[in-house]
Each structure stands twice: as structure tokens, then as C-alpha cells.
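In: Here's my sequence, what's the structure:
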Amino acid sequence: MEQCDLPRPQTRLDRIRKVLPRVLPFLTWWPMVNRRTLRADLWAGLTGAVIVLPQGVAFAAIAGLPPVYGLYAAMLPVIAAALFGSSHHLISGPTTAISLVVFTTVSQLAVAGSPDYIRLVLALTVLAGLAQLGLGLARLGGLVNFVSHSVVTGFTAGAAVLILTSQLGHFFGVTLPRGGEFLETWWAFLRQIPAINWRVAGIAAATLGLALGIRRLWPKAPALLLALIGGSVVCQFLDGAAHGARLVGALPANLPPFSLPEVDLETFRVLFPGALAVAMLGLAEAVSIARAVAVRSEQRIDNSQEFIGQGLANILGGFFSGYASSGSFTRTGVNFEAGAKTPLAAVFSAVFLAAVLLCIAPVTAYLPIAAMAGVIVLVAANLVNPRAIRHIATTDKAEAGILATTFLATLFVGLEFALYAGVMLSLLLYLRRTSHPHFITLAPDPALSHRSLVNVRRRPLPECPQLKILRLDGSIFFGAVNHITEELHRIVQRSPEQCHILIIGSGINFIDAGGCHMLFHEAGSLRLSGREIFFCSLKSEVMKLLTRGGCLARIGAQNVFRDKASAIAGIVARLDPERCACCRERVFAECASRPGGEAAV
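Out: Numbers count the residues shown, from 1 in each chain. The predicted structure is shown next:
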């Protein structure tokens, strides 16, 4: 007699092996590393370091920070996000939109670039990281789905306009109020047009033109870096420093220093709304970019794990002089195209960037701010996605309204409020759609096999004089019961001769206590008026709740059918025989067995 093998009891080591990849997610891809992947990741990391060098400097300027802080944000935070995230190709670091949110939040509390300003920015970064980490540990990765594509598109377009506005003074060499409102800044610029420094404007325009030309003629080249070098040469040729062109100055040639963010109760109260906006925007950016690349790499993305990775990156960045970071679409795309195989490419990019900073930091003393303004204008222009805006505007007017509202709120109200307003409008639109389920009137089509039911709006067909067949497309919950009740009453009033109603419930995904109470009441009201309500094709979960709530007893088990065929057969047999005898429609095949059916045939 054979003895069956019993499953081996799970040991503590087995449990540790099962939990360890969740705590240290890099253990899941580490076995993939070999000589071939290392070579590919090294090249991709070097490419990423070259690209992030000018971007980090430019983004730090947008955030109102010294240029080196943009490079610090592309070192340790990048490593943390790569090791503790779920994407194999996502590259984190400073981004345009995050930089602008940081500036608008903190510039109201301190002078940009001052020690107090830097202290508040680092505190904001740690708070945003703690919020992201908390959401990730709570496995709330689905929250990012509420930041819709329309909200992100409108927000980034508005951010692009604000970034361009913030660079007007640097681009044209005029003095404008820092941190001013959108219209205020433009009005001040228009009054300063006669004072434009054309040498400064020439340096900025030359840098912008070089970047555009290099991108067109040599797409794979580091266009921004080469454009900054070209802008510096133009500045030397025009003797810009002697004619009002300010220079960035030499960057400190050292690694990110340790910094201890100071977060007291008052700082927390003031910074938390902005930190939450930074956290949600950063998560939306990171997850959307990771998903876009995962479609091409055929990798599965864990939203909650990505939250944890971004949270740890920002917490670590706040303690090592890096400001808020998120996923970068440009660097992630370049990383994938460069052939990166594992997240080690992100680690290598951070290491190479640190080496480059130590080697070329003194060279930045010759970099004009006007050249950086030209690069930032190009970065801002790339934020606007005309194709996505056109698609949203032509596809869904409601989503187009959300996009426009978010865009205008970004310009005139505030970045944090704009993001919240867009999310709230998206939620309201979703609630409106779900709370207004549609009733579709159906009738059998004699031209189809088995006389399948079709929408009478698409194809006008005669209906049974005694039975109204409806399909409910939507769930019956507390937010929809009022609309469903009104629709039922409207249908009954429009068709008083049709005594009975059959509701096909294949589109009802769930029903709550409020919906059960509504059906209980409506079934009783219709019965008092001499009508009956029937149901068919209900899902098992819906049937269970109807039974528990006592609604099935009020409707009557004999009025609930398994499918459409059995429902029609059962209902036709119970119709008024006298009206059937006078009926000329005979829409059902079962009508042949009713009084007068033989004569009609």
C-alpha cells in the first residue's frame, strides 16, 4: 500500500524567505545580475549621469535652491528608489513639476536660496517621504489611480507656463519680483521690456537654439549638456560677465553632506499641505512612468512597493541635502533605450554623477544663468503634451473640463490646490457617472437567432404590450437609488399599458442596504398598482444580499429567474390571456402558445 506524501510543515526559515523579498525587494532581481547585464547597466548608468547633470542644475534653479542641491537629489535618493521600488527601469531624481511645487510652497515662508529656505525645503522633503512611506506600508497603492490622466496633463501644462514665467527675468536680463503671482510677473515684465539686456537674451536664445538643433540633428547626444557648454562659450565671446550676465559660480566639489531637517510642530503645520501635494504628485509621476515603461519591458509593477521606494528616497534625500524627488520620464526613457537590464543602472548613474561632480565642479564657475534659463525654457516646453490635450478635448468633454480647471487653477490659485481640485473634480465626475446608471429598453429581434434582445434605440422594434424589458447598466447603491427610482417612475408613466417590468441584472455588479431597501419599497408599490417586477441574470453576490435583506421575499422567488430565456418563458405564461388574444405584435416565440396565437401564425 502506497503512502501519500504529506506536505512538509512550514519552518521559520521558510517564512523568512517568503517575507524577505517584501522587505528587501532587490533580492528578487539580484539573481538576474551577470556579466552581460552589468555591462549594459554600466553604459546606461553613464548615459543617465551625463543627462542628469544639466537637468539637476536647472531643476534646482526652479526650486529656488543652489545648483548643487539638484545634483545631490540625483544621488542617494536615486539609489534608494531603485533598490526598494518595484520597477527595473524607473530612474528617480529631481523633476520639473516637483521643483515648482517646492518653490511655490516654501518661497512664501523664506527667501529662496537662504539657509532658512534650504532648511524648510529639506523638512518638506522628509515630510513628503514619510507620507509616501506610510501609504506604501498601508498597501494603499491604488490611491494613485484617483489622480487621473486629465489632472496630470492639465497640471503639468500649467506648471510649464509657470516655469517659463519664472525664467523671464533670467532669460532677458531684467529684474522681476520673485515669488510673484502669474499675472503680476507678466505685467512687471511687460513694463521692463525697454530695459531688456540683449546680450543676456542672446546668450539664452543661443543656448535654446543649440539645444533644439542638437536634438534634431543628433537625437542621442546629451543636448542639454552640450547646449550649456555652447552657451558658456557664447557668453565668453560676448563678454557677457562684464555686461550684466550673471554666472552660476563654482559648485562645491564634495559628496552630499549630512543634514538634520528640523521639523517642529509649527513647521509641520505650515508645510504639511505642501508636503502632501508633493507626495501625491511624486507618486502619480513615478507610478505612471513605471507603468509606461513596464508595458514595453513586460514587467509587473507593484504600486505600493513603488510608494515605499519613493518614500525612502525622499526621507534619505532630506537627511543628505537632497530635495524632493520623483520618477523622471526623460531619464527613465533614456535608461530603457540605453539597454538597462536591472535597477543597478540607476545605482551606477548616481555613482558616476558623484564622480563627475568631484571632477568638474570648478568648471561651473563659467556657466551663465542665462544659459540655464534657455535650458529650463526647453524643459518646460517639453512638459506640454499637445497630443494628449487634443485627445482628451475630443474624446470626453467632462475630462476636458477637468483638464482646463486644473490648468487654470495651477496658474491663478496655487499648485497644491490645483492638484487637489483636479482630484476632487475627477472623483465628483466618477460619482456622478456611477450614481446615474442607465436603463436600456430591449425588445426581441425576429431577424436574429433565438430572437435575441436588442436596444430599441439602435433598432426600432415592437415591444410586448404587457411587458417592459429593461437592462440596468450600473450597480444599485445608496448614491444611485434616487436616480433609479425616478427612472422607474418615469418609465411606468410613459408606458402605462405595460403592466409588468423585467429587469435584466447582468450589469448590476453589487447592491448595498440602501439599494435593497429601495427595491423592497418599489416591489410593494408596483404590486399595489397591479404590476409585477421581475429580475433575471442576477450575480450570485447580488442574490445573496437580496436574500439576507428580505428583499427577495417581497419581490417573490417566483419573480426571479436564472436567465433571460427562462424569464421570458415564465412571464409570458402569466400574462393576461384576454390581452394576448387581441395582441397583433406576438414579439416572443412563446406567444404562439397563448390565446389567439394559432390565428396569428
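
In: Torsion angles phi and psi at Ser114?
Out: phi -80, psi 160 (degrees, to the nearest 10).

In: pLDDT wise, what is it at?
Out: With respect to pLDDT, Ser114 has a value of 90.

In: Kindly report the same for Val161.
Out: 89.

In: Now it: closest residue in space that isn't a chain neighbour?
Out: Spatial nearest neighbour of Val161, chain neighbours left out: Leu411 (6.2 Å); criterion: Cβ to Cβ, 6 or more residues apart in numbering. No exception for glycine: its C-beta is placed from N, CA and C like everyone else's.

In: Doesn't the one you found belong to a strand?
Out: No: read with DSSP: H, G, I helix; E, B strand; the rest coil, Leu411 is helix and lies in no strand.

In: Was I right to think it contacts Leu162?
Out: Yes: applying Cβ atoms under 8 Å as the test, Leu411 and Leu162 come out as touching, 6.7 Å apart.

In: shared neighbours, the two?
Out: Phe182 (Cβ atoms under 8 Å, 6 or more residues apart in numbering).

In: quick one: Phe534 is in a strand?
Out: Yes: according to three-state DSSP, Phe534 belongs to a strand.

In: Can you give me the neighbour number for it?
Out: Residues near Phe534, counting by other Cβ atoms under 10 Å, number 22.

In: Quick check: Leu276 vs Leu143, distance?
Out: From Leu276 across to Leu143, the span is 12 Å (Cβ to Cβ, to the nearest Å).

In: quick one: the helices in the stretch 51-200 of the chain?
Out: 67-72, 76-84, 96-106, 115-137, 149-166, 168-172, 182-191, 198-217 (DSSP state H, counting those that start in this stretch).

In: Kindly reformat these as JSON lines containing distance to Asn254 and mean neighbour count.
Out: Converted to JSON lines, the helices of the stretch 51-200 of the chain look like this (distance: least, Cβ to Cβ, whole Å; neighbours: other Cβ atoms under 10 Å):
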{"stretch": "helix 67-72", "distance to Asn254": "9", "mean neighbour count": "25"}
{"stretch": "helix 76-84", "distance to Asn254": "14", "mean neighbour count": "26"}
{"stretch": "helix 96-106", "distance to Asn254": "22", "mean neighbour count": "26"}
{"stretch": "helix 115-137", "distance to Asn254": "16", "mean neighbour count": "22"}
{"stretch": "helix 149-166", "distance to Asn254": "28", "mean neighbour count": "23"}
{"stretch": "helix 168-172", "distance to Asn254": "26", "mean neighbour count": "21"}
{"stretch": "helix 182-191", "distance to Asn254": "35", "mean neighbour count": "14"}
{"stretch": "helix 198-217", "distance to Asn254": "27", "mean neighbour count": "20"}
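
In: Among the ones you listed, which comes closest to Arg586?
Out: Closest of the helices of the stretch 51-200 of the chain to Arg586 is helix 149-166, at 49.8 Å (criterion: Cβ to Cβ).

In: Who are the packing partners of the closest one?
Out: helix 96-106, helix 182-191, helix 265-297, helix 369-383, helix 386-395, helix 397-412, helix 415-434 (3 or more Cβ pairs under 8 Å, 6 or more residues apart in numbering; DSSP states H and E).

In: One more pass at 7 Å, please.
Out: helix 96-106, helix 182-191, helix 369-383, helix 386-395, helix 397-412, helix 415-434 (3 or more Cβ pairs under 7 Å, 6 or more residues apart in numbering; DSSP states H and E).

In: deepest of those, which one?
Out: helix 96-106 (a mean of 26; mean count of other Cβ atoms under 10 Å).

In: helices or strands next to that helix in the packing?
Out: So helix 96-106, by 3+ Cβ pairs under 7 Å, 6+ apart, packs with helix 35-62, helix 115-137, helix 149-166, helix 265-297, helix 369-383, helix 415-434.

In: Output those helices in a markdown table, with distance to Gln305 appended to each entry.
Out: What follows is those, written out as a markdown table (distance: least, Cβ to Cβ, whole Å):
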| stretch | distance to Gln305 |
| --- | --- |
| helix 35-62 | 20 |
| helix 115-137 | 7 |
| helix 149-166 | 21 |
| helix 265-297 | 10 |
| helix 369-383 | 27 |
| helix 415-434 | 22 |
